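Peer 1: return atomic coordinates for the entry below.
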Amino acid sequence: MSDTQVTSDLSAHTPPAATVPLKFEAVVLPVSDPDRAKAFYVGLGWRLDADFTIDESYRILQLTPPGSPASIQFGHGLTSRQPGTADGLYLVVDDIDAARAELTSRGAKVSDVWHGKGLGPAEGHLAGPDPDGKSYGTFASFSDPDGNTFLLQQITERLPGR
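Peer 2: This next block holds a predicted model:
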């Protein structure tokens, strides 16, 4: 038996906020075919920022989703992870129906909209948008050709401080 107390009041245990800016710039996606991945993301309308071949074993591509301050990178020699192992990368949208429609029209196979907990139906998905229209509560998903998965999350009102 444990005597550990559980509390939601983190203020007593939270150090002060950091003051040095740390700007999240990019996430590396493991892909098997950089040219196929490039065609997929360019087809979605993402901006191609870079395509540099350094040598036969190192190539870096960077693309940025519309309106995003962060990008994705992939290529050769960037990661030892297996293709398709990036899971649950969030793309925040104001209007999930509009985002689904555009992505679908550009070739992505986007799931139906859901709400509830978890990332998969076995984890508690309920069909359709959050019935109360709560921000942060409505999702859809899609994968790239390698199986790297993205979650669309509808956020219409940010939490305080965001």
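
Peer 1: would you mark the buried spots in stretch 28-41?
Peer 2: 29-31, 34, 37-38, 40-41 (16 or more other C-beta atoms under 10 Å). No exception for glycine: its C-beta is placed from N, CA and C like everyone else's.

Peer 1: neighbours around Asp130, how many?
Peer 2: The tally of other residues near Asp130 (other C-beta atoms under 10 Å) stands at 17.

Peer 1: again with Val113
Peer 2: Val113: 19 neighbours (other C-beta under 10 Å).

Peer 1: got it, and Thr156?
Peer 2: Thr156 has 13 nearby residues by other C-beta under 10 Å.

Peer 1: wait, it sits on Ser135?
Peer 2: Yes - Thr156 is within contact range of Ser135, at 4.8 Å (criterion: C-beta atoms under 8 Å).

Peer 1: the helix or strand of the chain with the lowest mean pLDDT: partners in the sheet, and parallel or antiparallel?
Peer 2: One helix or strand of the chain scores below all others by mean pLDDT, DSSP states H and E: strand 125-127, with a mean of 84. Using DSSP bridges, the strands paired with strand 125-127 are strand 114-116 (antiparallel).

Peer 1: who touches the partner strand?
Peer 2: By C-beta atoms under 8 Å, 6 or more residues apart in numbering, the residues outside strand 114-116 that reach it are 121, 124-131, 137-140.

Peer 1: scan this structure for its longest strand.
Peer 2: strand 47-55 (DSSP state E).
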